[in-house]
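> Here's a sequence, model it:
(one chain, ligands or ions: 1)
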Amino acid sequence: MKKSYKLLIVLLIIIALAIGIILSFNLLKKERTIKIYNWSYYIDEDVIKSFEEKYGVKVIYDTYEESGEAFAKLKIGGGGYDVIYISDSFLKQAIKEGYIQKIDHSKIPNFKNIDEELINNPYDNGLSYSIPYMWGSVGIGVNTKYVKEEIKGWKQLFDEDFLRKYNGKISMLDDFVDAINAAKFYLKIPLNDWGSNSIEKIKELLKKQREYLIGYWGASQYIPGLVKGEVYISQAWSGDILIAKDEEEAMEYILPEEGTVRFIDFMVIPKESKNTDLAYEWIDFLLEPEMAEKNTRAVHYTNSLKRELMPNDLLQESALYPSEELMEKLQFEPILTEEEIKIIEEITIEVKGA
Ligand code: N2P
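Predicted structure coming up:
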């Protein structure tokens, strides 16, 4: 064999080896995957990218529209997810049922950044099983291009004349606990009252309202829906309406005068997560002031960090850091027991299927 042939063969072998090494490195890299399940419209996409770059992992990020979907995933061990975001109301029951892993605080150096008020919360006091992500309120989003009259509260969303006027242009939350909460505020029924008399009244009210609704919508329907004018009025979460306002100036968020709820969403590690180290890294990353600020700016909800870690311009936004007077209008979401979760499922089926 000629010398130049030998050289060519050696060269080809070297190239083949190099390709092999690159491929296997990429395969290895691909194996580092974390799966996240969060509400729709609830993160700055750049934060996901920064995490992927920093840790050299692939993030599989799926979203949902109502708390029941997250709870159902936890019930089956997590459905392959490593971090699931769950609403306050369902958290205690998920802990009680053993759906969630205990949090090892030593694996979250940024734990020190969390606001004291959120550490001592009624759902998981001391944060043994969960880490708070964001909080906000439930209210009413209105596109004032189409609705000129002043909306004051839940009273209008249940008033038949009003409903007739905006027939097919109103949506209620797909997250049925919140539709039920609205009915309770309107009927002056306490949020933790699940007695059969109260339930009958709530069902009757919601069934009557349903006739006039475009539907029960989550954020991924009502945010674009309000912007395009497909729907004029939506029961909605506070930040979502501010997201819509980024696109359509005529958007307004109303805190109902009868009162409303303040929600807190938590990050948890499901029982069967296989990538707990990555799950801790994800949670810790989101508690970095820079990332929390980015998320708050993108989705307009209040992150769980201490105020002193946030810049002044954010602290001055009353939608994010409301005055004490406004805070008094807000009640915590109720803590649901197993029976109450079942009752909600029954009301949902009966009202939605009516
Ligand atoms: C974010 C929805 C907030 C979830 N788009 C309310 N718990």
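> any idea how far Glu257 is from Asn275?
Noted for Asn275: a distance of 46 Å to Glu257, by C-beta to C-beta, to the nearest Å. (Each C-beta comes from the backbone N, C-alpha and C, glycine too.)
> Show me the strands in the stretch 201-350 of the chain, by range?
215-217, 233-237, 251-254, 260-268, 302-303, 330-332 (DSSP state E, counting those that start in this stretch).
> what about the longest one, average pLDDT?
When pLDDT is averaged along strand 260-268, the result is 97.
> can you check stretch 316-323 too?
92.
> Settle it for me: which of Asn275 and Glu257 has more neighbours?
Per other C-beta atoms under 10 Å, whichever of Asn275 and Glu257 has more neighbours is Asn275, with 18 against 13.
> So for Val147, what's the nearest residue that isn't a sequence neighbour?
Excluding the flanking residues, the one nearest Val147 by C-beta to C-beta, 6 or more residues apart in numbering is Tyr232, at 5.1 Å.
> got the contact list for the one you found?
Applying C-beta atoms under 8 Å, 6 or more residues apart in numbering to Tyr232 gives the contacts Val142, Asn143, Tyr146, Val147, Tyr166, Lys169, Ile170, Leu226.
> Looking at these, spot the one nearest Gly239.
Nearest to Gly239 among those: Leu226, at 13.4 Å, using C-beta to C-beta.
> Tell me if I'm right that the closest one and Met251 touch.
Yes: Leu226 is within contact range of Met251, at 6.4 Å (criterion: C-beta atoms under 8 Å).
> okay, these two: which has more neighbours?
Counted by other C-beta under 10 Å, Leu226 and Met251 do not tie: Leu226 has more neighbours, with 29 against 22.
> In this structure Thr337 contacts Glu97, no?
No: in this structure, Thr337 is not within contact of Glu97 by C-beta under 8 Å, at 11.0 Å.
> Output the below-cut-off pLDDT ranges for this protein.
Applying pLDDT under 70 to the chain flags the ranges 1-5, 9-11, 13-31, 354.
> Near the ligand, which residues of it? Just list them.
For the chain, the residues in contact with the ligand (C-beta under 6 Å from any ligand atom) are Trp39, Ser40, Tyr41, Tyr42, Ser87, Ala219, Trp237, Asp240, Phe263, Asp265.
> The residues you listed into CSV, with extra columns for neighbour count and distance to Glu53?
Shown next, in CSV, are the residues of the chain next to the ligand (neighbours: other C-beta atoms under 10 Å; distance: C-beta to C-beta, whole Å):
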residue, neighbour count, distance to Glu53
Trp39, 27, 24
Ser40, 15, 24
Tyr41, 21, 23
Tyr42, 21, 21
Ser87, 23, 30
Ala219, 27, 27
Trp237, 31, 30
Asp240, 28, 28
Phe263, 24, 31
Asp265, 23, 25
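> Kindly format the C-alpha coordinates of stretch 142-158 as CSV.
Taking only C-alpha atoms (Å, rounded to 0.1, in the frame of the first residue of the first chain), the coordinates of stretch 142-158 have been written out as CSV:
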residue,chain,number,x,y,z
VAL,A,142,-62.3,43.3,30.6
ASN,A,143,-61.6,44.6,27.1
THR,A,144,-62.9,48.1,27.4
LYS,A,145,-63.0,48.6,23.7
TYR,A,146,-66.2,46.6,23.8
VAL,A,147,-67.4,47.1,27.3
LYS,A,148,-68.0,50.7,28.2
GLU,A,149,-69.8,50.4,31.5
GLU,A,150,-68.0,50.0,34.8
ILE,A,151,-67.6,46.5,36.1
LYS,A,152,-67.6,46.4,39.8
GLY,A,153,-67.6,42.7,40.8
TRP,A,154,-69.1,39.3,40.7
LYS,A,155,-72.6,40.7,40.9
GLN,A,156,-72.5,41.6,37.2
LEU,A,157,-71.2,38.2,36.1
PHE,A,158,-74.2,36.6,37.7
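> If you count neighbours, what's buried in it?
By neighbour count on 16 or more other C-beta atoms under 10 Å, the buried set for stretch 142-158 is Val142, Asn143, Val147, Ile151, Gly153, Trp154, Gln156, Leu157, Phe158.
> among those residues, which two are most distant?
Asn143 and Phe158, at 19.9 Å, using C-beta to C-beta across these.
> how's this protein carved up into domains?
Using automatic domain parsing, the domain parsing of the chain gives 28-135+264-321, 136-262+335-352.
> CSV for those domains, including distance to Leu8?
Output for the domains of the chain, formatted as CSV (distance: least, C-beta to C-beta, whole Å):
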stretch, distance to Leu8
domain 28-135+264-321, 30
domain 136-262+335-352, 57
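> just to revisit the earlier point, tell me which entries of the buried residues of stretch 142-158 lie within helices.
Among these, DSSP state H puts Trp154, Gln156, Leu157 in helices.
> and the first one, what does it touch?
Contact analysis of Trp154 by C-beta under 8 Å, 6+ apart lists Ile140, Ala182, Ala183, Phe185, Tyr186, Pro256, Glu258.
> can you do 6 Å?
Ala182, Phe185, Tyr186, Pro256, Glu258 (C-beta atoms under 6 Å, 6 or more residues apart in numbering).
> Count the residues that sit near the last one.
Burial of Glu258 is recorded as 15 neighbouring residues (other C-beta under 10 Å).
> cool, Lys107 as well?
Residues within reach of Lys107, counting by other C-beta under 10 Å, total 14.
> From Trp217, how far off is the residue nearest to Val351 when sequence neighbours are not counted?
The shortest distance from Val351 to any non-neighbouring residue, by C-beta to C-beta, 6+ apart, is to Leu206 (4.6 Å). According to C-beta to C-beta, Leu206 stands 15 Å off from Trp217.
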